[in-house]
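**Student:** build the 3D model from these lines:
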Amino acid sequence: MHTGERLPAVGDVLAALGTGLWHWDTSTGLVTVDAVAARLLGLPAEQATLTEAQVRSRFHPVDWNETRGIVQLAASEGTLAEVRIRIVDERGRVVRTVRSRSKPTYDREKHAYELTGTLQEVTEPAPGTPAAHNAVTGDWRRSREAFLLDAGRALAEARSTAEVLRVAAGLSMPGFTPDGLAVFGMEGDRLTIIGHHGQRPGDEVPFAALPLTTDYPAAEVVRTGRAVYLSSPEEYQRRYPLTWPLAEQFNRQSWAFLPLTVGGRTMGAWMAAFTYPVAFTPDERSVLTTVARMLAQALSRAGAAETQRELTDGLQRSMLPSLGEGIPGMRIAARYVPTGGGLQVGGDWYDMIPLPSGRFALVIGDVQGHDVRAAGLMGQLRIALRAYASEGHRPDAVLARASRFFHGITQGEDEASDVRFATCLYVEVDPATGTVETARAGHLDPAVRMPDGAVMLRGTAGGLPLGIDPDSDYPTTRLALEPGELMLLCTDGLVETGGHDLDTGWRRIRDVLEKHGGDDLEGLADALVGAVHGPSSHHTTGPLADRREDDLALLLLCRQVERRGAGSGVRRHRRTMFTVEQAEPEQVATGRRHLRDLLHDWASPDQVDSAVLLVSEMLTNVLVHTDADALLVAEVTGEPGRRRLRVEVTDAGDDLPHMRRPGELASSGRGLLLIELLADAWGVAPRGEGKSIWFELREAA
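**Tutor:** Numbers count the residues shown, from 1 in each chain. This next block holds a predicted model:
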């Protein structure tokens, strides 16, 4: 060509080079191709206007989706879109591979992409050659797809920000793995460092509080929402001269800064730095962009989960009390384990309340449900109980007022379809004497562990759960906690979790109480929780088909032993005290059960049956022949195998019983004869106002 001659037309030059032109407008769905481009697509070699469906039929299905993704990425970043496309015939067989280069744009009004580019046939690189990983096709494509699947799965399983950062640091990208990572967040108008990898501790300090207006790639990414790729140190220094000295010390050769976007909002930036030059081809940018999107989603999920955990932990701490210095002369421990559907706070609660009398009240309860409303109702009920107790009311009056209050807040018109109730056990403790007065609203009875390790349930009088009947009555029961004895108050989650019913669940808990020493109260509390939620609990499932999971709360109260000398300690004895009122003759059966629990490890079953028979006779005689209540006191002393049982029943009647020979058809008069026959020793003694009858049994081998 001579100087001054006209340059040939661009189309003629491209045709001479075997390069075709094509124009794609997604708003109209039409693709215009020249003759060369039509030939490369396997169509007649003439200019034509085609539909997207016609062009798509000539693209390999994977490459069509790849092309759309790269076009969107290039338009968002303002860069060239370069992609390799496999052209197929009518039978789906690949006939050639072409390369397309274009500069796409995005029309915000039409919400459509438009591009004009070139098509040129290329030779497919052989697998394993240095150029093979740069193509969209071949082994590199399969490696990339496998990497993205693994990365997506690993990031989706991360449950905290720290786990997300560990996963991101371990990602090995196909063909170009960064050796330095940093995740930036925002606080107000400044950048923050959420985490980093590949740098020494402290290297992040200069970048930790940069204003968003700083001439720094991450700040620009957060401001604009567009990625920044820096292929060389020279490019970094030219574009960001002010912050280049901060980055120069790390001796990196290439950097990629990508926005972390969730729901259209940029929440931060991700930096991937390389110690070797990276060209950041469209394929590599596509991988980085996909990872950035997955990383943003994972960080968003982890942040939301951590916020929820922080919220529920704070709610739990505000609702559950601190035991403070405890009760004088007593040791106390408590646990609360929520399992309410991931909420981590439920309707179970416990409380310890100092009373105006100098005594202390222990409260444990369970509001029906495992949701936010149950937690809210629990908080209101706990405050109400604390207020009524602080006014100095007796246990029965506290629960009666609480039931009326709870009925009022759960029977409103707005919540008519979601009526709730609550169970509760209120225990008033006198530290000086060990006297315990209880009032129970549909809750589990307390259990007592005696100094020698024996455990038994202490039956108490009770009423309806709170909130069912505003006029419910809650009778009180008086118990005595001896030195060295330990009392357990718990919700049904401790007993029934794991598919257990009340019987099998109680046996599981009793085994833990009997085997664990009473000196370490905190360790015993942990052991009880472990029996329900620990690994061993999954091998001791109960008889119910479903594994019921429930919140649990527990309180342990132990009366300390006064040690007056070097050899003093806990006397090995068991003692139970129980009252049978005239109006409740059915409590005789409870007395029999108490005695069986007290003698559960007695050597002779026949002696146990004899003792139960005698107790039944003695209690029944009081109810039949007097107008007074019966007080049962049973005590076991001595070492196993040589123990002694002493049972005493006291009443306020003045008439002493006399032994007599009943007639053959007489319906009474055999009580003392049975005692004479079965007991090792017995007697009757006046007690001022009233009398007592007692018997003793010595353990038989």
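**Student:** who are the contact partners of residue 629?
**Tutor:** Each residue near residue 629 by CB atoms under 8 Å, 6 or more residues apart in numbering is listed here: 579-582, 622, 651-652. Backbone N, C-alpha and C define where each C-beta goes, glycine included.
**Student:** counting contacts, what elements does the helix or strand containing residue 219 pack onto?
**Tutor:** In this structure, residue 219 sits in helix 217-224 according to DSSP states H and E. Under the contact definition 3 or more CB pairs under 8 Å, 6 or more residues apart in numbering; DSSP states H and E, helix 217-224 sits against strand 180-187, strand 190-197, strand 228-230, strand 254-262, strand 265-274.
**Student:** neighbours around the nearest residue to residue 110 once chain neighbours are set aside, how many?
**Tutor:** In space, and not counting its chain neighbours, residue 110 is closest to residue 27: 4.5 Å by CB to CB, 6 or more residues apart in numbering. A count of neighbours around residue 27, defined by other CB atoms under 10 Å, yields 12.
**Student:** wasn't residue 27 part of a strand?
**Tutor:** No: counting by DSSP: H, G, I helix; E, B strand; the rest coil, residue 27 is not part of a strand but coil.
**Student:** i'd like the first residue to be 17 from this point on
**Tutor:** OK, 17 is where the count begins now, so the last one is residue 43.
**Student:** who's in contact with residue 175?
**Tutor:** Listed by CB under 8 Å, 6+ apart, the contact set of residue 175 reads 318, 321.
**Student:** change it to 10 Å
**Tutor:** Residues in contact with residue 175, defined by CB atoms under 10 Å, 6 or more residues apart in numbering, are 314, 317-318, 321-322, 325.
**Student:** what does residue 33 give?
**Tutor:** 52, 134, 136.
**Student:** what about it, distance to residue 298?
**Tutor:** Counting by CB to CB, to the nearest Å, the gap from residue 33 to residue 298 is 22 Å.
**Student:** before we move on, the earlier item: in the helix holding residue 235, what counts as buried?
**Tutor:** Neighbour counts over helix 233-240 (16 or more other CB atoms under 10 Å) mark 233-238 as buried.
**Student:** tabulate those in CSV, adding columns for distance to residue 660 and pLDDT.
**Tutor:** CSV is the format used below for the buried residues of helix 233-240 (distance: CB to CB, whole Å; pLDDT from 0 to 100):
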residue, distance to residue 660, pLDDT
233, 86, 93
234, 82, 92
235, 85, 92
236, 88, 92
237, 84, 92
238, 82, 92
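**Student:** closest one of the residues you listed to residue 252?
**Tutor:** For these, the closest approach to residue 252 (CB to CB) belongs to residue 233, at 7.9 Å.
**Student:** which residues of the stretch 517-666 of the chain fall in helices?
**Tutor:** Using DSSP state H, counting those that start in this stretch, the helices of the stretch 517-666 of the chain run over 518-531, 537-549, 603-614, 621-641.
**Student:** tell me which of those lies nearest to residue 476.
**Tutor:** Closest to residue 476 of the helices of the stretch 517-666 of the chain, according to CB to CB: helix 603-614, at 9.6 Å.
**Student:** quick one: average pLDDT of the closest one?
**Tutor:** Regarding helix 603-614, the rounded mean pLDDT is 85.
**Student:** now the angle from the helix ranked longest in the chain to strand 281-290?
**Tutor:** Looking across the chain with DSSP state H, the single longest helix is helix 298-335. Angle, helix 298-335 to strand 281-290, by axes from the mean of the first three to the mean of the last three CA atoms, to 10 degrees: 120 degrees.
**Student:** quick one: low-confidence parts of the stretch 217-366 of the chain?
**Tutor:** Residues of the stretch 217-366 of the chain meeting the criterion pLDDT under 70: 328-338, 340, 355-362.
**Student:** ok, now with 80
**Tutor:** Applying pLDDT under 80 to the stretch 217-366 of the chain flags residues 298-299, 321-342, 354-363.
**Student:** give the buried residues for the longest helix of the chain.
**Tutor:** Neighbour-count burial for helix 298-335 [16+ other CB under 10 Å]: 298-319, 328, 331-332, 335.
**Student:** one step back: export the buried residues of helix 233-240 to TSV and append columns for distance to residue 447.
**Tutor:** Below are those laid out as TSV (distance: CB to CB, whole Å):
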residue	distance to residue 447
233	67
234	62
235	64
236	68
237	65
238	61
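**Student:** can you give me the strands in the stretch 367-516 of the chain?
**Tutor:** Counting by DSSP state E, counting those that start in this stretch, the segments of the stretch 367-516 of the chain that form strands are 376-383, 438-445, 451-457, 463-465, 471-473, 478-479, 492-496, 502-506.
**Student:** so which of these gets nearest residue 427?
**Tutor:** Among those, strand 438-445 sits nearest to residue 427 (CB to CB), with 13.2 Å.
**Student:** that closest one to strand 451-457, inter-axis angle?
**Tutor:** Strand 438-445 and strand 451-457 are oriented at 170 degrees to each other (the same axes, to 10 degrees).
**Student:** this completes my enquiry, with thanks.
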